[in-house]
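K.L.:
Let's see this in three dimensions:
(2 chains, ligands or ions: 1)
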Amino acid sequence: MNSIQELFQKKDENLLSIYFTCGYPNLDDTTKVITELEKSGVDFIEVGLPYSDPLADGPTIQDSSQKALENGINLDLIFDQLKEVKGSNKTPLVLMGYLNQMLKYGEDKFCQKIVDCGIDTVILPDLPMIEFENHYKDLFEKYGITNVFLITPHTSEERIRKIDSYSKAFIYVVASASITGAKGDISNNQVTYFERIKSMNLQSNLIIGFGISDKQTFTTACNYANGTIIGSAFIKNLGKNGIDKIDDFIKPIIS
Amino acid sequence: MTIERILENMKSKFQPDKNGYYGQFGGAFIPELLYPNVKELEDNYIQILESEEFQEEYKSLLKDYVGRPSPLYLAERLSEKYGAFIYLKREDLNHTGAHKVNNTIGQVLVAKKLGKTKIIAETGAGQHGVATATVCALMGLECTVFMGEKDIERQAPNVARMKMLGAKVIPALSGSKTLKDATNEAIRYWIQNPETFYLIGSVVGPHPYPDMVARLQAVISEEIKWQLKEKTGKENPDTIIACVGGGSNAAGAFYHYMDDKEVELIAVEAGGLGVDSGESAATSQLGEVGIIHGSKTILMQDEYGQIVEPYSISAGLDYPGVGPLHAYLYDSKRATFLNATDKEALTAAYELTRIEGIIPALESAHALAVLPKIKFKKDQVVVVNLSGRGDKDLSTYIKHLEE
Ligand SMILES: Cc1ncc(COP(=O)(O)O)c(C=O)c1O
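P.N.:
The predicted structure is shown next:
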């Protein structure tokens, strides 16, 4: 069974997932960040593969990605780092990157490597459904990998139903028509959209992300989904306060 | 789709399939956030482009506003020098000074048909930005242009023109601060403002943009055909030469000749300081299959798929990819890809200026710069697409005047 699905069987509400960028703030921080996040009680972790041109990301993740690349991070180093924590870390990891990284690395080689790292779930925001259907579905199945699809306020019901049928880990509910980056409160429009998705009674678990940043937005979003993902707000805190203060960021949100 | 259209599609190897692929290149690799926008365009563009209403308006604006047909000029002194009949397709004489306006007139009409009132665009040299700001002024639409900070510096006259035309110019501060990054910023803005129409400036981006832009630039080769027939008795030249950044002027100049194997197509990329210098934008020579701005194409990238920052003296050619049509023309060997360095382009620009009295855009100068590299046979008929004029590049030209 998919590792995230397994997680949902044990816990299916108020889940917190944290996104972080590999190789940030320092080249060797990948394993430390994962360890600290696990200690703080995060439910699952999104492992961000730094990319030179992250189209779906706002300034915070653009900057952390650029810094990580300047630090000298690359896919081979990341896979080595992830293998290091494979034995000790029990928190499920989800890989998030851009399609070109997999394409260039070699699709089969990429899939094999992530499986070797104990990862079975990927988020590739620029992988469109039609390419998934025509090619990647079979590739991923061969390796037992599950792809997470994004839906947005503008995704049609018909398309959401289709995505639901393809989803084995969860559906990533993008909180607004936006790139990543922390915003203020959740608006009434967003609530209407979350309610609409919730009322569709999808078979898949729902995780809300993009613009979730603190206790308040976490709590609100969790009313309409199984959990949320925090990215930019975490990266900002990490950049400012360092790895030692990860717990101080996480605890107030989940307590 | 009309029967004629279907038959025409079946005939040509160089039209995209229903998913926007030219061979293995193309597609629409966009985040879900952009799916509705791109889908709306995909569902409507052919119908709009082929409607009588659109055609009438488009043609009438090209004629009376842009000043088409652009002349096909036999450059006699240049011809003498290189021992061939060299014709210049004078896109530099278009309103706003480049081929870019053929596309912006067309797309702005498409945007209006789709009920859009806000337009965004990316620009490198600023020619597409100016052409977009111009048609927005003409149609009374709000216009926002993204431009790399480095390009804002090196193409200052065009920034001033855009502002005078009422456009908002937003500097792209990320990455290499050039065309690639301006395009990233435009796409990110589009994600956050899905009500806007993204008016792409070249045959790049997700399907259906490459095909739509190629169709709108096809007027260039449509005219070359009858102009050449008038002048030489034959529709076909032996050779067509055009520079390639994203590839729109080349796509337009090649379009109606792509299936005609006897016409040699030469695409000229920016060699920068030299293809092997590490400072170059010769994508076909330095790139491999990859995804950029929603399209699978040939891309300059490192072994991990990180996009490499290109370099060219010419802002309009300073792009690490090419459109998927060009990737296919390269891969299938239908077109020959050459390149010209900064220096060769500057030399060619001075040469054209001094013997023909025409100051070309730096981009177009790259196309001219391969003339000395080609061995022409007697009476060879060559068309060089002079994609734009050099007003915007004067400060660069003056700087090199002493050299
Ligand atoms: C005069 C001129 N020629 C060529 C280009 C390159 O674009 P494309 O390859 O799409 O024709 C530009 C782009 O700015 C331009 O301004």
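
K.L.:
tell me what the one helix or strand B:E53 maps to is packed against?
P.N.:
Per DSSP states H and E, B:E53 falls inside helix B:52-61. For helix B:52-61, the packing partners by 3 or more C-beta pairs under 8 Å, 6 or more residues apart in numbering or on different chains; DSSP states H and E come out as helix B:100-113. All C-beta atoms are positioned from the backbone trio N, CA, C, and that covers glycine.

K.L.:
Try it again at 10 Å.
P.N.:
helix B:35-50, helix B:100-113 (3 or more C-beta pairs under 10 Å, 6 or more residues apart in numbering or on different chains; DSSP states H and E).

K.L.:
low pLDDT regions in chain B?
P.N.:
B:1-11, B:402-403 (pLDDT under 70).

K.L.:
quick one, strands of it?
P.N.:
B:21-22, B:25-26, B:72-74, B:85-90, B:118-123, B:142-148, B:168-172, B:197-198, B:239-243, B:264-272, B:288-292, B:295-299, B:335-341, B:381-386 (DSSP state E).

K.L.:
Now do the strands for the stretch 51-200 of chain A: every range, in order, please.
P.N.:
A:93-96, A:121-123, A:146-148, A:150-151, A:171-174 (DSSP state E, counting those that start in this stretch).

K.L.:
I'd like the ones you listed as CSV, with distance to chain B, mean neighbour count and mean pLDDT appended.
P.N.:
Output for the strands of the stretch 51-200 of chain A, formatted as CSV (distance: least, C-beta to the nearest C-beta, whole Å; neighbours: other C-beta atoms under 10 Å in any protein chain shown; pLDDT from 0 to 100):
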stretch, distance to chain B, mean neighbour count, mean pLDDT
strand A:93-96, 12, 25, 98
strand A:121-123, 11, 23, 98
strand A:146-148, 11, 22, 98
strand A:150-151, 4, 22, 98
strand A:171-174, 7, 26, 98
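
K.L.:
Out of the ones you listed, the one nearest B:H207 is which?
P.N.:
strand A:150-151 (19.7 Å; C-beta to C-beta).

K.L.:
Nearest residue to the middle of the chain?
P.N.:
By default, I'm working from chain A. A:E46 (3.9 Å; C-alpha atoms, centre = their mean).

K.L.:
Chain B, not that one
P.N.:
B:S248 (2.6 Å).

K.L.:
Could you list the contact residues of the stretch 151-255 of chain A toward chain B?
P.N.:
A:151-156, A:159, A:163, A:172, A:174, A:176-181, A:210 (C-beta under 10 Å from any C-beta of the partner chain).

K.L.:
and if we set it to 7 Å?
P.N.:
A:151-152, A:154-155, A:174, A:177-179 (C-beta under 7 Å from any C-beta of the partner chain).

K.L.:
What remains of the residues you listed if I keep only buried residues?
P.N.:
Buried members of these, counted by 16 or more other C-beta atoms under 10 Å in any protein chain shown: A:151-152, A:154-155, A:174, A:177-179.

K.L.:
For the residue of the stretch 151-255 of chain A found nearest the ligand, list the residues it contacts.
P.N.:
Closest to the ligand within the stretch 151-255 of chain A is A:I179: 25.9 Å, counting by C-beta to the nearest ligand atom. Each residue near A:I179 by C-beta atoms under 7 Å, 6 or more residues apart in numbering or on different chains is listed here: A:56-58, B:188, B:191-192.

K.L.:
Name the nearest residue to it, ignoring sequence neighbours.
P.N.:
Closest residue in space to A:I179, ignoring its immediate chain neighbours: A:G58 at 4.6 Å, by C-beta to C-beta, 6 or more residues apart in numbering or on different chains.

K.L.:
check contacts around the one you found.
P.N.:
Per C-beta under 7 Å, 6+ apart, neighbours of A:G58: A:179-181, A:232.

K.L.:
all helices in the stretch 251-400 of chain B, in order from the N-terminus.
P.N.:
Remark: helices assigned in the stretch 251-400 of chain B by DSSP state H, counting those that start in this stretch are B:283-286, B:324-331, B:342-356, B:362-368, B:394-399.

K.L.:
Switch these over to JSON lines; also include mean neighbour count and distance to the ligand.
P.N.:
JSON lines is the format used below for the helices of the stretch 251-400 of chain B (neighbours: other C-beta atoms under 10 Å in any protein chain shown; distance: least, C-beta to the nearest ligand atom, whole Å):
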{"stretch": "helix B:283-286", "mean neighbour count": "22", "distance to the ligand": "11"}
{"stretch": "helix B:324-331", "mean neighbour count": "27", "distance to the ligand": "9"}
{"stretch": "helix B:342-356", "mean neighbour count": "20", "distance to the ligand": "11"}
{"stretch": "helix B:362-368", "mean neighbour count": "31", "distance to the ligand": "3"}
{"stretch": "helix B:394-399", "mean neighbour count": "13", "distance to the ligand": "13"}
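
K.L.:
So for A:E141, which of these sits nearest?
P.N.:
Of all these, helix B:324-331 sits nearest to A:E141, with 27.9 Å by C-beta to C-beta.

K.L.:
wait, what's in contact with B:L371?
P.N.:
Applying C-beta under 7 Å, 6+ apart to B:L371 gives the contacts B:Y82.

K.L.:
I'd like to know how far it sits from the ligand.
P.N.:
Distance, B:L371 to the ligand, by C-beta to the nearest ligand atom, to the nearest Å: 17 Å.

K.L.:
returning to that earlier point: return the backbone torsion pair for the residue of the stretch 151-255 of chain A closest to the ligand.
P.N.:
Note on A:I179: its backbone torsions stand at phi -90, psi 180 [degrees, to the nearest 10].

K.L.:
pLDDT wise, what is it at?
P.N.:
pLDDT, A:I179: 93.

K.L.:
shouldn't A:N100 be in contact with B:G305?
P.N.:
Yes: if you go by C-beta atoms under 7 Å, A:N100 and B:G305 touch, sitting 4.4 Å apart.

K.L.:
which residues are common contacts for the two?
P.N.:
The contact sets of A:N100 and B:G305 overlap at B:G290 (C-beta under 7 Å, 6+ apart).

K.L.:
and A:E70, how many residues sit next to it?
P.N.:
By other C-beta atoms under 10 Å in any protein chain shown, 12 other residues sit near A:E70.

K.L.:
ugh, wrong one, I meant B:I200
P.N.:
Neighbours of B:I200 under the rule other C-beta under 10 Å: 26.

K.L.:
Check B:L138 too.
P.N.:
Other residues near B:L138 number 14, with proximity taken as other C-beta under 10 Å.

K.L.:
cool, and A:G231?
P.N.:
28.

K.L.:
Find me the pLDDT at it, would you?
P.N.:
For A:G231, pLDDT reads 97.

K.L.:
Now do the contacts for it.
P.N.:
A:G231 neighbours (C-beta under 7 Å, 6+ apart): A:19, A:61, A:180, A:209.

K.L.:
next one: B:R90
P.N.:
Counting by C-beta under 7 Å, 6+ apart, B:R90 has contacts B:70-71, B:73, B:386.

K.L.:
For it, name its beta-bridge partners.
P.N.:
For B:R90, the beta-bridge partners are B:L386 (DSSP bridges).

K.L.:
OK, now which residue of the stretch 101-250 of chain A is nearest to the ligand?
P.N.:
Residue nearest to the ligand within the stretch 101-250 of chain A: A:D126 (22.6 Å; C-beta to the nearest ligand atom).

K.L.:
Before I go, just wanted to say thanks for your time.
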